[in-house]
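**Q** no FASTA, just this:
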């Protein structure tokens, strides 16, 4: 399935129980409701989806759960918000293994990167996965402005 970069692709929230475990029952209901509403894709692990606080295994669980629910009706994308290039490459490869059809990527997270560093980070990930990438530009929160000139 190739991604058509149009329509509504909500970055869904991640649900938790009172004991801070993934609430998969509520999460699954949310994904099914999004499908019934006619979305064109699902984005996991965005800022409101707890990208920077989820464990790697939790991200994988959310990805495989969503892939199993949508059954190729719409593409599943996962946000990559990592501190290192190695970490971002590994996350992208895991997402691909788990059935994601694309990535939404933020610039590196720990320190404010310059233009060249930001571009090289995105290139390194792109060169290590076959998944298409949507750049997530949120300079107010993440202090890096991704521009067309980059």
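**A** Nice, thanks for sending it over. Please read these numbers as outputs of a predicted model, since none were measured by experiment. Numbers count the residues shown, from 1 in each chain.

**Q** Quick one: classify the closest residue to residue 89 other than its chain neighbours as helix, strand or coil.
**A** Using C-beta to C-beta, 6 or more residues apart in numbering and skipping the chain neighbours, the partner closest in space to residue 89 is residue 128 (4.5 Å). The C-beta positions use only the backbone N, C-alpha and C, and glycine is treated the same way. Under the three-state scheme (DSSP: H, G, I helix; E, B strand; the rest coil), the conformation of residue 128 reads as coil.

**Q** Tell me how many other residues crowd residue 128.
**A** Residues near residue 128, counting by other C-beta atoms under 10 Å, number 16.

**Q** show me what contacts it?
**A** Contacts here follow C-beta atoms under 8 Å, 6 or more residues apart in numbering; on that basis residue 128 touches 89, 92-93.

**Q** cool, residue 56 as well?
**A** Applying C-beta under 8 Å, 6+ apart, we find residue 56 in contact with 91, 94.

**Q** how close does it get to residue 32?
**A** Computed with C-beta to C-beta, to the nearest Å, the distance linking residue 56 and residue 32 is 25 Å.

**Q** do the same with residue 136
**A** Relative to residue 32, residue 136 is positioned 25 Å away (criterion: C-beta to C-beta).

**Q** So which of those two has more stuff around it?
**A** More neighbours surround residue 136 than the other of residue 136 and residue 32, with 20 against 12 (other C-beta under 10 Å).

**Q** quick one: contacts for the more buried one?
**A** 46, 79, 81, 104-106.

**Q** at 6 Å instead, please
**A** With contacts taken as C-beta atoms under 6 Å, 6 or more residues apart in numbering, residue 136 has the following neighbours: 104, 106.
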